[in-house]
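Chemist: Need a 3D model of the following:
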Amino acid sequence: QVQLVESGGGLVQPGGSLRLSCAASGFTLDYYAIGWFRQAPGKEREGVSCISSSDGLTYYADSVKGRFTISRDNAKNTVYLQMNSLKPEDTAVYYCATNGFGCFQGEYDYWGQGTQVTVSS
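Modeler: You can find the predicted model right below:
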């Protein structure tokens, strides 16, 4: 069964850090670009970051550039999103998704169930 599972969310104070994980089962992440997305209440889903499959290039939304780092561990079939210097506006449900064509081509087809990140004092 093909499945993506996010974990690592939680409640953190402004300025704090979290590391999200996106673990795959039933298929190998190596061949996919992996994107992280987020959706805050009342807002549209937005792309946060992406890592390509072949050359490991990374991309970030301007709002998180310099604070978030995406990485992949193919041996563990897992992609991570390290989030530092968190702000209240980072509060959202975070999702990972796969794209067989690249970060900016085709469609994201497999999605995880999401993990809640809340940044609040």
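Chemist: can you give me the strands in the chain?
Modeler: Assignment of strands within the chain using DSSP state E yields the ranges 3-7, 10-12, 18-25, 33-39, 46-51, 58-60, 68-73, 78-83, 92-99, 115-119.
Chemist: Relative to residue 109, which of those strands is closest?
Modeler: Closest approach to residue 109 among the strands of the chain (C-beta to C-beta): strand 92-99, 6.1 Å. From N, CA and C alone the C-beta is placed, and that goes for glycine too.
Chemist: Would you mark the buried spots in that closest one?
Modeler: By 16 or more other C-beta atoms under 10 Å, the buried positions in strand 92-99 come out as 92-99.
Chemist: who's the residue nearest the centre of the chain bridged to?
Modeler: Residue closest to the mean C-alpha point of the chain, counted by C-alpha atoms, centre = their mean, is residue 36 at 2.7 Å. Counting by DSSP bridges, residue 36 is bridged to residue 49, residue 96.
Chemist: about what we covered before: so which of the strands of the chain gets nearest residue 108?
Modeler: strand 92-99 (3.9 Å).
Chemist: May I have that closest one as CSV, with CA atoms only?
Modeler: Backbone C-alpha positions of strand 92-99 (Å, rounded to 0.1, in the frame of the first residue of the first chain) are rendered in CSV as follows:
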residue,chain,number,x,y,z
ALA,A,92,-0.6,25.6,9.7
VAL,A,93,-1.1,21.9,8.8
TYR,A,94,1.9,20.8,6.9
TYR,A,95,1.7,18.2,4.1
CYS,A,96,4.3,16.3,2.0
ALA,A,97,3.5,15.1,-1.5
THR,A,98,5.3,13.4,-4.4
ASN,A,99,5.7,14.5,-7.9
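Chemist: What lies in contact with it?
Modeler: Here strand 92-99 makes contact (C-beta atoms under 8 Å, 6 or more residues apart in numbering) with 4, 6, 9, 20, 22, 24, 29, 32-40, 43, 45, 48, 50, 79, 81, 105-117.
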